[in-house]
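**Student:** sequence and predicted structure, then a few things I'm wondering about:
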Amino acid sequence: MAPKAHHLGPGTLKIGETGTASEWGAQITATKIAYSLNEEDPIPVLSGEELDGEDTLTSELSGTVLQSYDVAGLVYWSKANALKKLPFDFIPNNAESEFGARGVVKIVPLDLGGDVKKRNTADFTLKCIGDVEYYDLP
C-alpha cells in the first residue's frame, strides 16, 4: 500500500438530534476521536490458573472551538445542553473522506472567557457513550 494522508477539513461536526443538530464545523480549530483501552488484571483462582480480565474500549470526542458570546453560539449551547446525551456525526473531510463517524456524547459546558482583547478558544472533551460507528459515505 502506498503512503497516503489527508488534511482535516473542510468537514462537518454536528451534535444533536436530526433537525435540531448544532453544527460545530465553523467554530472548530481542532477535533478528534480518541480511544483508550482499559485492561483488567487477570483473576487468580485456587487451582493456580487465571481467569482473563476484561478489556474495555472507551472513546472521547475532543478538540478546540473558537468562543463566541452570543446565544446562538456553542458556549451558550453547551451550557443549555449540559449533561444531555446527544448524537454526533463527524466527517473529517467532505471531499476526501470515504467514511464518517457517529455516536453519542455527554455534553459538558465549554469554558467561558480567557485573555482580554484576544479571540479566545475553549478546549472540549466529550465522553462517548457506547460504541462509535464508522460508516461508509456515498
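**Tutor:** Ah, there it is.
**Student:** taking the centroid of the protein, which residue is nearest it?
**Tutor:** Nearest residue to the geometric centre of the chain (C-alpha atoms, centre = their mean): Leu61, 1.6 Å.
**Student:** okay, and it sits in which element?
**Tutor:** Using DSSP states H and E, Leu61 maps to strand 55-66.
**Student:** contacts for that strand?
**Tutor:** Contacts with strand 55-66, where a contact means C-beta atoms under 8 Å, 6 or more residues apart in numbering, come from 13, 24, 27-40, 74, 88, 90, 103, 105, 110, 119-128, 132. Heads up, the C-betas are built off the backbone N, CA and C, glycines and all.
**Student:** drop anything exposed from the residues you listed.
**Tutor:** Neighbour counting with 16 or more other C-beta atoms under 10 Å marks 13, 24, 27-28, 31, 33, 74, 88, 90, 103, 105, 110, 120-122, 124, 126, 128, 132 as buried within the contacts of strand 55-66.
**Student:** got the phi/psi numbers for the residue located most distally from the centre of the chain?
**Tutor:** No residue in the chain has its C-alpha farther from the mean C-alpha position than Ser47, which lies at 44.3 Å (C-alpha atoms, centre = their mean). Backbone torsions for Ser47, taken as degrees, to the nearest 10, come to phi -70, psi -10.
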